[in-house]
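# Have a look at this prediction, sequence included:
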Amino acid sequence: MRIHSLSLVLSLGLFLAAASSTLAQEKYNIHFRSAAFTGQAGQSVTVGIGLDNQPEKVTGFSFGVKHDATRLSIDTVTVAAGLQDALGIGVQPDSRFFVLDQNPVGASGFTVAMILSSEKASVAIPAGLDHPIFDVKYKIAAGPSATAKVEISGDLSNTTRRVEVILDVNNGTSKKPVGAPAPVTSATITIQTGPAPFLRGDMNQSNRLEVTDAILILDYLFSGAQLPAGANSRANCLVAINFDGSTSKGAQGVEDSSDLDLTDALALLQYVFQKGPPPLAPFPKCGQPTQTVDPAIECKQFLCR
């Protein structure tokens, strides 16, 4: 009898410990995927929003995001990869169960409420951390260098009610934000003036150097800048083409359009395939060149991740 009682006590203790461990690992929240972003005055910046849901799948959610209206305005709010994967590639949110309000009551920003599917329980965001669910593109007002804040909020209201930060778990169980460490619910956008930071040679703006970059340089040199592929780099950051950083053809010590030539594509291919010399700064991270750049080719906009 004592042995059975002891076994029962031990089993109960193990059960409670396991339950406590499971509860301790719960994490449900809406957050920014980074605490810091950088954008150019007069241009735009994209801010990623993520979702943590552990250990259960999520079938719906609601939340708000507010921003500093003195320097920012919303351009677009688009479905990001994690949510798109859950819905199905190419599938758009069902308008009957998806409400996006870009003019909420309480502050400048937006609110969103969504049920992934009212018909298929299998349509859900699987358990996991940092699922990318939305990308918000903000227009940055012209003006001096500054910082602007964006915040996840449960205080904004649509026309009828306050939109809280809530996750719907397994088609019907509501979860408010819970779990540690604390999510990034407030992010800072650093607004810069002058030339945009860029990565030299990165023509497709993938933040790495590859053969595609050399092909796009050749397309620019021999086919013209109007081709769609690589258009962002060509239109807004021509200096990125100057892989070898040459300044010998134009004004001494100044990078200009005369320095964009075939040797840049060849030097890039040598780096990719033969471990040749790397490009001059900025590399391997986005930044500014150490040399003077002719305003006609300076970097105006570049996607740095």
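Sure, I can see it.
# D261 and F302: what is the separation?
For D261, the distance to F302 equals 21 Å [C-beta to C-beta, to the nearest Å]. In short, each C-beta sits where N, CA and C put it, glycine included.
# So for those two, which sits in the more crowded spot?
Residue environment comparison for D261 versus F302 gives the larger neighbour count to F302, 23 against 16, counting by other C-beta atoms under 10 Å.
# Please look at the more buried one and P197 and confirm they touch.
Yes: F302 sits in contact with P197 when judged by C-beta atoms under 8 Å, with a separation of 6.7 Å.
# which residues do the two both contact?
Common contact partners of F302 and P197 (C-beta atoms under 8 Å, 6 or more residues apart in numbering): C286.
# what about the strands in this structure?
Using DSSP state E, the strands of the chain run over residues 27-32, 36-40, 44-54, 58-67, 72-79, 98-101, 109-115, 128-140, 146-153, 166-169, 173-175, 186-192, 254-255, 292-293.
# Please name every helix or strand in contact with the fourth one.
Same thing as strand 58-67. Other elements packing on strand 58-67 under the criterion 3 or more C-beta pairs under 8 Å, 6 or more residues apart in numbering; DSSP states H and E are strand 27-32, strand 44-54, strand 109-115, strand 128-140, strand 146-153, strand 166-169.
# what are the pairing partners of the shortest one, and which direction each?
Which is strand 166-169. Strand 166-169 sits in its sheet next to strand 58-67 (antiparallel), strand 173-175 (antiparallel), going by DSSP bridges.
# Need the winner for burial among the ones you listed.
Comparing these by mean neighbour count (mean count of other C-beta atoms under 10 Å), strand 58-67 ranks first with a mean of 24.
# Which of the strands of the chain has the lowest mean pLDDT?
Taking the mean pLDDT of each of these, the lowest value is held by strand 36-40, a mean of 87.
# elements contacting that one?
With contacts defined as 3+ C-beta pairs under 8 Å, 6+ apart, strand 36-40 has these neighbours: strand 44-54, strand 128-140, strand 186-192.
# Redo the ones you listed as CSV? Include mean neighbour count and distance to D101.
Putting these into CSV (neighbours: other C-beta atoms under 10 Å; distance: least, C-beta to C-beta, whole Å) gives the following:
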stretch, mean neighbour count, distance to D101
strand 44-54, 20, 15
strand 128-140, 18, 14
strand 186-192, 18, 21
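# Just put the ones you listed in TSV and tack on distance to V77.
Compiled in TSV, those are given as follows (distance: least, C-beta to C-beta, whole Å):
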stretch	distance to V77
strand 44-54	9
strand 128-140	5
strand 186-192	15
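# Indicate which one of those strands is closest to N170.
In this view, those are compared for proximity to N170 by C-beta to C-beta, and strand 44-54 is the closest at 10.4 Å.
# Which secondary structure elements does that closest one sit against?
Secondary structure elements in contact with strand 44-54, counted by 3+ C-beta pairs under 8 Å, 6+ apart, are strand 27-32, strand 36-40, strand 58-67, strand 128-140, strand 166-169, strand 186-192.
# Strand partners (parallel or antiparallel) of the last one?
Which is strand 186-192. Looking at strand 186-192 with DSSP bridges, its paired strands and their directions are strand 36-40 (parallel), strand 146-153 (antiparallel).
# Quickly note the distance from the residue nearest to V239 when sequence neighbours are not counted to Y271.
Taking C-beta to C-beta, 6 or more residues apart in numbering, and ignoring the residues beside it in sequence, V239 has I297 as its nearest neighbour in space, at 4.8 Å. When distances are taken as C-beta to C-beta, I297 and Y271 turn out to be 21 Å apart.
# what residues go with each domain of the protein?
26-192, 211-293 (automatic domain parsing).
# what about the longest one, how long is it end to end?
Across its full length, domain 26-192 reaches 39 Å between end residues, using C-alpha to C-alpha, to the nearest Å.
# What of the last one?
Across domain 211-293, the terminal residues are separated by 25 Å (C-alpha to C-alpha).
# Who are the contact partners of the closest residue to A86 other than its chain neighbours?
With C-beta to C-beta, 6+ apart as the criterion, A86 has its nearest non-adjacent residue at 4.6 Å, and that residue is I125. I125 makes contact with L51, N53, K57, V58, T59, G82, L83, A86, L116, H131, I133, according to C-beta under 8 Å, 6+ apart.
# residues in contact with the third one?
Applying C-beta under 8 Å, 6+ apart, one finds that K57 lies in contact with A124, I125, P126, A127, V169, N170.
# Could you do T76 as well?
D135, V136, K137.
# As JSON lines, the residues you listed with distance to T160 would be great.
Shown next, in JSON lines, are the contacts of T76 (distance: C-beta to C-beta, whole Å):
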{"residue": "D135", "distance to T160": "27"}
{"residue": "V136", "distance to T160": "23"}
{"residue": "K137", "distance to T160": "27"}
